[in-house]
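> Make a model of this:
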Amino acid sequence: MNRLRSALDRRRDDAGMSLVELMVTSTILIVLLGMVFISITMVEGLSSSVSSQYQEFQQALPAMAPFHALLAAEVEPASSVPPAPNPAGVPTPGFSSVGNFSLTFYANIGTAYDNTVSCPSGQTCATGGTTAGPAKIVATEVDASGAAPPTACSASFPCSFQVRMYLPLIGLSAPGVSSCPGVGTGPVCQYSSTYRLLANVQSVVNDPSSVDGTGAQNDPIFGYTVLDSGGTYSGTTYPPQAITLTPGQVENNPPGITGLLALGYPTDNQLLTTCGAPSANYPTSAIACPADAIQSVSIDLQVAKPGTGSTGAQENNLVVYRYAQSPGSTTAPYQYSATVG
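Purely as a prediction, here's the structure:
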């Protein structure tokens, strides 16, 4: 009997695995290999996403740093800076062009550079040690053709965000003399048509064509807060208050800044770029000239890279506050002057 069992065992061993056993083993092996493949794919995808996010931050951070420093040093230039001298009592805003996708302002860094540009023929223009005036800073979104601001941006047709610095000219009327008023021969600051590119963030997808049902922007780059320090007019006192503008209020067309009646003002509408002396309808300087009273600017960049997140875009944002007041002043914003320029 033992001999018969041993013979049968040998016959079974020689026969190998049955078809059912082979199919079960193959199925288990295929499942295990599939799980390993899925795990590897997920790890690679996560690695690609993290790498893309780091690439975007490495792009955006160098743009955020100079923008922050320049905006913090924003100044209101002399009253005869282009486009024209303002009437008495009307401020000259340091923000000369305000929009959802483009911002132009003046920064108090002009004398940190040798601003000899386009020196007239026959003149010897000095460099260094000359008070040149405030630099003009243009922060804007541009498309592939260079149009600024663009009409549309997308992951398929991304745009770029650039920070450009235009330096004031010197040496126009005499060697080393600035064209800016108060620090040279004036009467208005003149700037070169060329610029220094301080930052260039690529693959930006903030889309100017993306609007909601009311026509308001869905993803603007810039946002603004107007700080009204309060005041009195005709016996009425207006309390200090901050007015955060909506994307629709930023655009230079009606209806402008609305909701003023709810804040106690006699008029419910004012364009952001309108600048005049305080009046009965616009009793405080912040309402009469909102661009003069911009206290903070937020910047929100949407940067797209393949493999980044579920939406394919990484958000980078910050809020920058300008200097509140001139030294020794309780009311006046920070003014440019030759002694501090």
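> Every contact and neighbour count from this point should use C-alpha atoms.
Fine.
> Does Ile137 touch Ile109 like I think?
No - with contact defined as C-alpha atoms under 8 Å, Ile137 and Ile109 do not form a contacting pair (10.3 Å).
> Looking at these two, which one has more neighbours?
Using other C-alpha atoms under 10 Å, the more surrounded residue of Ile137 and Ile109 is Ile137, with 25 against 20.
> Could you measure from that one over to Thr274?
21 Å (C-alpha to C-alpha, to the nearest Å).
> Which stretches in this protein count as helices?
Assigned by DSSP state H, the helices in the chain fall at 2-15, 19-72, 247-250, 285-288.
> mean pLDDT lowest for which of those helices?
Across the helices of the chain, helix 2-15 has the smallest mean pLDDT, namely a mean of 56.
> and the closest residue to Tyr106 other than its chain neighbours, bridged to which residues?
Leaving aside its chain neighbours, Tyr106 sits nearest to Lys136 (4.6 Å; criterion: C-alpha to C-alpha, 6 or more residues apart in numbering). For Lys136, the beta-bridge partners are Tyr106, Tyr166 (DSSP bridges).
> Around Lys136, count how many other residues there are.
So Lys136, with other C-alpha under 10 Å, has 26 neighbours.
> Now do the contacts for Ile221.
100-102, 206, 298-301 (C-alpha atoms under 8 Å, 6 or more residues apart in numbering).
> Equivalent analysis for Ala148, please.
102, 140-142.
> gap between Tyr271 and Ser298?
Quick fix: residue 271 reads Leu, not Tyr. Here Leu271 is placed at a distance of 19 Å from Ser298 (C-alpha to C-alpha).
> Settle it for me: which of the two has more neighbours?
Leu271 (21 against 17).
> Just the pLDDT for that one.
pLDDT, Leu271: 87.
> so how far is Gly230 from it?
Counting by C-alpha to C-alpha, the gap from Leu271 to Gly230 is 19 Å.
> What of Tyr238?
Tyr238 is 5 Å from Gly230, by C-alpha to C-alpha.
> Kindly report the same for Ala65.
Per C-alpha to C-alpha, Ala65 is found 32 Å from Gly230.
> between those two, who's got more neighbours?
Gly230 (17 against 12).
> show me the contacts for the nearest residue to the more buried one once chain neighbours are set aside.
Of all residues not flanking Gly230 in the chain, Pro240 sits nearest, at 4.2 Å (C-alpha to C-alpha, 6+ apart). Contacts for Pro240 (C-alpha under 8 Å, 6+ apart) come out as 227-231.
> So which of these are in strands?
Of the positions in the contacts of Pro240, 227-228, 231 sit in strands, assigned by DSSP state E.
> Show me just the buried residues among those residues.
227-228 (16 or more other C-alpha atoms under 10 Å).
> JSON lines for the ones in strands among the contacts of Pro240, including pLDDT and distance to Phe37?
Below are the ones in strands among the contacts of Pro240 laid out as JSON lines (pLDDT from 0 to 100; distance: C-alpha to C-alpha, whole Å):
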{"residue": "Leu227", "pLDDT": "85", "distance to Phe37": "57"}
{"residue": "Asp228", "pLDDT": "83", "distance to Phe37": "61"}
{"residue": "Gly231", "pLDDT": "70", "distance to Phe37": "69"}
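> Using JSON lines, lay out the ones in strands among the contacts of Pro240 together with distance to Leu263.
Shown next, in JSON lines, are those (distance: C-alpha to C-alpha, whole Å):
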{"residue": "Leu227", "distance to Leu263": "13"}
{"residue": "Asp228", "distance to Leu263": "11"}
{"residue": "Gly231", "distance to Leu263": "13"}
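> Go through the ones in strands among the contacts of Pro240 and say which is closest to Ser279.
Gly231 (12.1 Å; C-alpha to C-alpha).
> Could you measure from that closest one over to Cys289?
Taking C-alpha to C-alpha, one finds Gly231 at 14 Å from Cys289.
> Met64: neighbouring residues, count only.
Around Met64 there are 21 residues (other C-alpha under 10 Å).
> If you could redo that for Ser156, that was the one I meant.
Ser156 has 9 nearby residues by other C-alpha under 10 Å.
> got a list of what it touches?
No contacts exist for Ser156 under C-alpha under 8 Å, 6+ apart.
> next one: Asn317
So Asn317 contacts 298-301 (C-alpha under 8 Å, 6+ apart).
> Next one: the residue nearest to Tyr106 relative to Ala72, how far apart?
14 Å.
> what residue ranges in the stretch 101-250 of the chain are flagged as low confidence?
Along the stretch 101-250 of the chain, the model assigns pLDDT under 70 to residues 110-132, 171-178, 181-187, 232-235.
> residue ranges for the strands of it, please.
Using DSSP state E, counting those that start in this stretch, the strands of the stretch 101-250 of the chain run over 102-107, 135-142, 159-166, 196-204, 222-228, 231-233, 236-238, 241-244.
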